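# Provided below are the primary sequence and the corresponding predicted coordinates.
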Amino acid sequence: MASMLRMYNAALQRRPMITQCCTAAFLFGTGDIIAQQAIEGRGNKHDFQRTMRLTFYGGFLFGPAMTKWYQWLNNIKFSSPTKAVVSRVFLDQAVLTPAAVGFFFGSMSLLEGKPKEVIPRIEAAYAPTLVRNWGVFIPTQIINFALVPNHLRFVVVSVVSLFWNTYLSLANARQSKAVPEPQLLSAVQSEAEIKEKEA
């Protein structure tokens, strides 16, 4: 176990982008598996396409963006350690996170082939997800930026994200079911218009 951790640590330092993208892909996929099996109890009805979408999102969208983001944050110089922690947590949670939450739900809608659901899904899930994110990640990031070496900060976030990704998978699945299909919505609207005219 210790030798595996040393190998992983070495990989992070030699090839941070590919290592962190693989880490994110694995943890997003694992989070969805936990959501489907341990919480939703799907058993043999596991939605493998959903797991693949989350894995793709983690490895090809979230991973590269977050790797660059943490490299940028770590390279900013501050006049004191306290100012560095406060500033980095603020930038991470007040600038990046609001955009990242919207991007997640928008990306999931597009990857599911439902572009018309992008705005309704974001509107429905954005605020509660953002508030819960702050509850989890503000304390995490204070510890992360204060105590963790630069090259391991993404890993700390990724480990905490295993549980957060489980939540995101559930939240997205709920929103996917909650937003009416465009055809169904049109039919309901048409029926309502007919009844209104008859009245």
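That came through fine.
# rank the helices and strands of the protein by mean pLDDT and give me the bottom one.
Between all helices and strands in the chain, the lowest mean by mean pLDDT, DSSP states H and E belongs to helix 182-198, at a mean of 43.
# dump the residue contacts of residue 155.
The contact partners of residue 155, taken as Cβ atoms under 8 Å, 6 or more residues apart in numbering, are 12, 20, 23. Quick note: C-beta positions are derived from backbone N, CA and C, even for glycine.
# what do you get if the cut-off is 7 Å, keeping everything else the same?
Applying Cβ atoms under 7 Å, 6 or more residues apart in numbering to residue 155 gives the contacts 12, 23.
# from residue 69, how far out is residue 121?
According to Cβ to Cβ, to the nearest Å, residue 121 stands 24 Å off from residue 69.
# no, scratch that, I was asking about residue 155
14 Å.
# hmm, residue 89 and residue 137 touching each other?
No: Residue 137 is beyond contact range of residue 89, at 8.9 Å (criterion: Cβ atoms under 7 Å).
# for residue 33, give me its contacts.
Here residue 33 is in contact with residue 51 (Cβ under 7 Å, 6+ apart).
# now it: which helix or strand?
Assigned by DSSP states H and E, residue 33 belongs to helix 16-34.
# now the helices for this protein?
Taking DSSP state H as the test, the helices found in the chain are 2-14, 16-34, 48-56, 63-75, 81-90, 97-111, 118-147, 153-178, 182-198.
# the helix holding residue 33 to helix 63-75, inter-axis angle?
Angle of helix 16-34 versus helix 63-75, following axes from the mean of the first three to the mean of the last three Cα atoms, to 10 degrees, is 120 degrees.
# please name the residues that touch residue 39.
With contacts defined as Cβ under 7 Å, 6+ apart, residue 39 is in contact with residue 170.
# that one and residue 176, how far apart?
Residue 39 sits at a distance of 16 Å from residue 176 (criterion: Cβ to Cβ).
# cool, and residue 15?
For residue 15 relative to residue 176 (Cβ to Cβ), the value is 35 Å.
# higher neighbour count, these two?
Remark: of residue 15 and residue 176, residue 176 carries more neighbours, 17 against 12, as counted by other Cβ atoms under 10 Å.
# low-confidence regions, the protein specifically.
1, 178-199 (pLDDT under 70).
# apply 80 and report the result again.
1-2, 158, 176-199 (pLDDT under 80).
# name the nearest residue to residue 50, ignoring sequence neighbours.
In this structure, residue 50 finds its nearest non-sequential neighbour in residue 32, 6.1 Å apart by Cβ to Cβ, 6 or more residues apart in numbering.
# wait, the one you found touches residue 48, no?
No: contact between residue 32 and residue 48 fails when scored by Cβ under 7 Å: they sit 9.8 Å apart.
# looking at these two, which one has more neighbours?
residue 32 (28 against 10).
# where's that one relative to residue 118, distance?
20 Å.
# equivalent analysis for residue 82, please.
Going from residue 82 to residue 118 by Cβ to Cβ gives 40 Å.
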